[in-house]
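Asker: sequence unknown, structure follows:
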């Protein structure tokens, strides 16, 4: 916690899911109560581009798909930030590309007195067994407190 007893910066990763929206709402409430600023972050995932995705989208390259994913990530972050700004919360957006958990953890290390507020978006079955969830990785590897919202 900061010197005043509150976190100065709240990092809220968003991916367009309902739990991410609830995390943004929680970050808004915490920021409003504490005067913290909120960094809304979205990540353009750079894995799982399959040849069938290239054909199905009519796009011709990995770069085209990543550009589209960055655009979508920017739209998601901007939408979440708009609701925070409407509530009078100091807000900025960040868009990264890569593995979501890694990007979130690394970005949290660059912030001043951070708290991460993240939605729990559960994966199921085999995929979770192999990959684990983003929120789970952030909880285990972040150097700062993490609040997980269901």
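Answerer: Alright, I've got the coordinates. Quick caveat, the model's predicted, so the values are computed rather than measured.
Asker: which SS class is residue 121?
Answerer: coil (DSSP: H, G, I helix; E, B strand; the rest coil).
Asker: quick one: residue 74 and residue 93 touch, right?
Answerer: Yes: using CB atoms under 8 Å, residue 74 is in contact with residue 93, at 7.5 Å. For glycine as for every other residue, the C-beta is placed from the backbone atoms N, C-alpha and C.
Asker: these two: who's more crowded?
Answerer: Set side by side, residue 74 and residue 93 show more neighbours around residue 93, with 20 against 15, by other CB atoms under 10 Å.
Asker: what's the overlap in contacts for residue 74 and residue 93?
Answerer: residue 42 (CB atoms under 8 Å, 6 or more residues apart in numbering).
Asker: any low-confidence regions in the protein?
Answerer: 1-6, 48-60, 122-132 (pLDDT under 70).
Asker: which residue ranges of it form helices?
Answerer: Using DSSP state H, the helices of the chain run over 18-34, 51-57, 62-86, 100-108, 125-131, 134-141.
Asker: which of those helices is buried the deepest?
Answerer: Highest mean neighbour count among those (mean count of other CB atoms under 10 Å): helix 100-108, with a mean of 21.
Asker: what's the angle between that helix and helix 62-86?
Answerer: 50 degrees (axes from the mean of the first three to the mean of the last three CA atoms, to 10 degrees).
Asker: for helix 100-108, name the packing helices and strands.
Answerer: strand 9-13, strand 37-45, strand 91-98, strand 114-119, helix 134-141 (3 or more CB pairs under 8 Å, 6 or more residues apart in numbering; DSSP states H and E).
Asker: lovely, talk soon.
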